[in-house]
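J.: sequence plus the predicted model coming up.
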Protein chains: 2
Amino acid sequence: MSESRAGSGGQGRVGGNLTWQAVRAEAIRRIREREWMPGSRIPDEAELAAELGCARATVNRALRDLAAEGYLERRRKGGTRVPETPVRKATFEIAVIRQDVEARGHRHGYRLLGDETGAAPDEIASALGLPKGTPLRHVRALHLADDAPFCLEIRWLNPELVPPERAVFDALSANEWLLRNLAYSAGSFGFSARTADAELAALMACPEGAALLAMDRTTFMDAVPITAATLIYREGYRLATTM
Amino acid sequence: MSESRAGSGGQGRVGGNLTWQAVRAEAIRRIREREWMPGSRIPDEAELAAELGCARATVNRALRDLAAEGYLERRRKGGTRVPETPVRKATFEIAVIRQDVEARGHRHGYRLLGDETGAAPDEIASALGLPKGTPLRHVRALHLADDAPFCLEIRWLNPELVPPERAVFDALSANEWLLRNLAYSAGSFGFSARTADAELAALMACPEGAALLAMDRTTFMDAVPITAATLIYREGYRLATTM
DNA sequence: CAGCGGATTAAGTCTATACATAATCCGATC
DNA sequence: GATCGGATTATGTATAGACTTAATCCGCTG
């Protein structure tokens, strides 16, 4: 990584030609060691650039990166400060279910359970910003890992964007079809826990009353609702990441 | 296409000064409209810069951003391509529990349930990379929202970094103490669902057998283990984000 | 044909400079 | 003294040019 080159710099400063990662690391060090106190304002970019002996753009890149992760707060003219109580940001990778299964070393299987169009439940319609009773396509399917239930997919779809004639989910899951055909939409999602009722227990081959991890999503494309979905994972599933 | 692009974004191009967000938006448009096919390689930065009439650094910023979100895959010399099956990235904000409670409009309360030092269970020791039987400080506490149980915090701590004399958790939670005093460490975490047994049901004031969302974390500072924690949230808790 | 190594390529980065923009500060005004 | 508006300021962004680095490509060799 960073080597000090001869560089013009004086003595008290770190050698010339710092990479932005080196600046980043130095900033983290100062935060951790309370050289920059929580709540306080840190020197501005120009000062740091001069002190460290690099271009302001390099400092900018480093501090912008740290701000994105929650290590710093920046405001125009307001300067950059260390947050009093930091809010760390963690990133999850949301893959296609099939990939998730395969990444865990299992064979992915898929079974379509139902697919019909009818009036949406009120809470689904409102989550998608549609008037009550709007007809939506309702699809249920089960994803398998080595023939064992892995994830139940319950979904409501905008029938204009995903018409039953054009999008058939008996072989390819809606999950994957959407990602391939309407990829790159925006929306919200959340995680919660759900108790397996008799029906769910039968589908997921788990004891009635088991706790299952559920992930719900709504997705839009340019403010047009596409789908609201709930994915219910098998007992013991753990969604992991690092930060 | 020389100059016919309509609508997209705010700026008309002509003569330069596209913002990197405009370049980003244009790239997303091409991906969505299959102008750039999944799996295919897109023009390199220099070409795009020439085509769009901006500097290569601007294109770089836009494409780097998209790659970070999973819209594109980039490799040196390999060029930039549209992933066959995209892996979207979603970001959660991990706040201090007190803040989470207050953000939901409740008064935060806190009750220390226990705090003693003893040999760690094997799976905790191994998660932290410590030899079996290493003594760890074991802390349990309950976070309240308007006097109702909100989150149970179960934690093992490295007693050298968090000695019982120096860090007392009867008023300030370990959760918050750590963030204030050993902020900015790295680690992994995951979400899962857990069934409330009799003890948990009593603590969380929920029916026995209820499904609860659990978040587990291990954190390190420069490879030195700090803590392994499990946070068990009240029934019905939903962790949400947007993407 | 397999394997090695150098040439080539495209992304990654740093620099210096300039201008844009959002906040804040501060003094003038009512 | 409260309000408005302009000066100030730190971050945000764009640009051209040069250099670095990781991968790939490809031709040479055994």
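T.: Arrived safely. This one's a predicted model, so the numbers in the text were calculated from it and none came from an experiment.
J.: give me the number of residues near residue A:172?
T.: By the criterion of other Cβ atoms under 10 Å in any protein chain shown, residue A:172 has 15 neighbours. (Glycine included, C-beta is placed from N, CA and C.)
J.: wait, a helix at it?
T.: No: under DSSP: H, G, I helix; E, B strand; the rest coil, residue A:172 sits outside any helix and is assigned coil.
J.: who's in contact with it?
T.: residue A:110 (Cβ atoms under 8 Å, 6 or more residues apart in numbering or on different chains).
J.: contact residues of chain A facing DNA strand D?
T.: When proximity is defined by Cβ under 7 Å from any atom of the strand, chain A lies next to DNA strand D at A:44-46, A:56-57, A:60, A:63-64, A:67, A:74-80.
J.: could you redo the last one with a cut-off of 6 Å?
T.: A:44-45, A:57, A:60, A:64, A:74, A:76-77, A:79-80 (Cβ under 6 Å from any atom of the strand).
J.: ok, which pair from the residues you listed is furthest apart?
T.: A:57 and A:77 (18.8 Å; Cβ to Cβ).
J.: what is the helix or strand of chain A with the lowest mean pLDDT packed up against?
T.: Every helix and strand of chain A was ranked by mean pLDDT, DSSP states H and E. The lowest is strand A:88-94, at a mean of 83. Using 3 or more Cβ pairs under 8 Å, 6 or more residues apart in numbering or on different chains; DSSP states H and E, the elements in contact with strand A:88-94 are helix A:56-69, strand A:239-242, strand B:88-94.
J.: okay, these in TSV with mean neighbour count next?
T.: Formatted as TSV, the helices and strands packed on strand A:88-94 follow (neighbours: other Cβ atoms under 10 Å in any protein chain shown):
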stretch	mean neighbour count
helix A:56-69	18
strand A:239-242	14
strand B:88-94	17
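J.: residue B:209 is nearest to which of the ones you listed?
T.: strand A:239-242 (22.4 Å).
J.: contact partners of that closest one?
T.: A:90-93, A:191, A:213, A:215, A:233, B:186-192.
J.: adjacent strands (with direction) for that strand?
T.: In the sheet, strand A:239-242 lines up against strand B:186-195 (antiparallel) (DSSP bridges).
J.: centre of the chain to the helix or strand following the partner strand, how far?
T.: The element immediately downstream of strand B:186-195 (helix or strand, assigned by DSSP states H and E) is helix B:198-204. Remark: helix B:198-204 is offset 28 Å from the chain centroid, using Cα atoms, centre = their mean, to the nearest Å.
J.: in its sheet, which strands sit next to the helix or strand following helix B:198-204, and in what direction?
T.: Going down the chain from helix B:198-204, the next helix or strand is strand B:211-221, by DSSP H and E. Applying DSSP bridges, strand B:211-221 is found paired with strand B:186-195 (antiparallel), strand B:224-233 (antiparallel).
J.: and DNA strand C, which of these is closest to it?
T.: strand B:186-195 (18.8 Å; Cβ to the nearest atom of the strand).
J.: so where's chain A uncertain?
T.: A:1-16, A:183-184 (pLDDT under 70).
J.: please parse it into its domains.
T.: Annotated domains of chain A cover A:1-89, A:97-233 [automatic domain parsing].
J.: buried deepest among these, which one?
T.: Among the domains of chain A, the stretch with the highest mean neighbour count (mean count of other Cβ atoms under 10 Å in any protein chain shown) is domain A:97-233, at a mean of 17.
J.: start to end distance for it?
T.: Its start and end residues considered, domain A:97-233 measures 10 Å (Cα to Cα, to the nearest Å).
J.: and stretch A:208-226, how far out from the chain's middle?
T.: On Cα atoms, centre = their mean, the centre of stretch A:208-226 falls 13 Å from the chain's centre.
J.: so residue A:124, which of the three states?
T.: helix.
J.: so who does it touch?
T.: Here residue A:124 is in contact with A:136, A:156, A:228 (criterion: Cβ under 8 Å, 6+ apart).
J.: and which of those residues is nearest DNA strand D?
T.: residue A:228 (32.1 Å).
J.: quick check, that closest one in contact with residue A:220.
T.: No: the criterion here is Cβ atoms under 8 Å, and residue A:228 misses it with residue A:220 at 10.1 Å.
J.: which neighbours do those two share?
T.: residue A:128.
J.: in contact with residue A:208, which residues?
T.: Residue A:208 neighbours (Cβ under 8 Å, 6+ apart): A:196-198, A:201.
J.: backbone dihedrals for residue A:39, please?
T.: Note on residue A:39: its backbone torsions stand at phi 90, psi -20 [degrees, to the nearest 10].
J.: now do the contacts for the residue nearest in space to the middle of chain A.
T.: In chain A, the centroid-proximal residue (Cα atoms, centre = their mean) is residue A:92; its distance is 4.4 Å. Taking Cβ under 8 Å, 6+ apart, we find residue A:92 in contact with A:239, A:241, B:89-92.
J.: interface residues of chain A facing DNA strand C?
T.: A:17, A:19-20, A:54-58, A:61, A:75-78.
J.: got CSV for the residues you listed, with distance to residue B:104 too?
T.: As requested, these are exported to CSV (distance: Cβ to Cβ, whole Å):
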residue, distance to residue B:104
A:17, 48
A:19, 41
A:20, 37
A:54, 43
A:55, 44
A:56, 40
A:57, 40
A:58, 40
A:61, 35
A:75, 26
A:76, 30
A:77, 32
A:78, 28
